[in-house]
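**Student:** mind looking at a prediction? Sequence and model below.
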Amino acid sequence: MTTTAPSRLSALFASGENLLRLSLRLDAVVTTANGLAYLALAQPLERLLGLDAGVGLAIGAFLTAYGLAVAVVGRSAPVNRAAASAVATGNTAWVVASLVALSTGALGLTTVGAVWAVMQSVTVGGFAALQYLGLRRSH
């Protein structure tokens, strides 16, 4: 008998350790790629998003380093719960800070930049939710 995709997906989400590891690894890839894009495209992003190029470079450096750190956490066997919890907390803080910056206009974002900030917040919040769920299921 063959295993179907939905049953594999169910097994993945049923195992807290697997869910935690997958969410950390996806987070690491997306965050690192995002950080590298900020670094490589600071000038075009300044015009598109309304984000000062210097701020974009700082965000890019932070995201690249953070993404690499998340990758290290996601590779450990078993996943270090304290480190994974710190990642989930950091992701939650990113969402809050992004929404505060957006609501106060602190970054002077264009409409496209504001939409991008919301999309990033939803993505990072999704990673945080999956990480918290994986932590809860893996104890």
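**Tutor:** Ah, there it is.
**Student:** spatially speaking, which residue is in the middle of the chain?
**Tutor:** With distances taken as C-alpha atoms, centre = their mean, Val124 lies nearest the centre of the chain, 4.0 Å away.
**Student:** quick check: it vs Ala88, distance?
**Tutor:** For Val124, the distance to Ala88 (C-beta to C-beta, to the nearest Å) stands at 10 Å. Using the backbone N, CA and C atoms, a C-beta is placed for each residue, glycine as well.
**Student:** so what's the residue count around Gly108?
**Tutor:** Residues lying near Gly108 (other C-beta atoms under 10 Å) number 12.
**Student:** got a list of what it touches?
**Tutor:** By C-beta atoms under 8 Å, 6 or more residues apart in numbering, the residues touching Gly108 are 50-52.
**Student:** from the residues you listed, keep the buried residues only.
**Tutor:** 50-51 (16 or more other C-beta atoms under 10 Å).
**Student:** now the contacts of Gly108 in JSON lines, with pLDDT?
**Tutor:** As requested, the contacts of Gly108 are exported to JSON lines (pLDDT from 0 to 100):
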{"residue": "Gly50", "pLDDT": "96"}
{"residue": "Leu51", "pLDDT": "93"}
{"residue": "Asp52", "pLDDT": "94"}
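**Student:** TSV for the contacts of Gly108, including secondary structure?
**Tutor:** Formatted as TSV, the contacts of Gly108 follow (DSSP: H, G, I helix; E, B strand; the rest coil):
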residue	secondary structure
Gly50	coil
Leu51	coil
Asp52	coil
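**Student:** which single one of the contacts of Gly108 is nearest to Leu22?
**Tutor:** Among the contacts of Gly108, Leu51 lies closest to Leu22 (C-beta to C-beta), at 30.2 Å.
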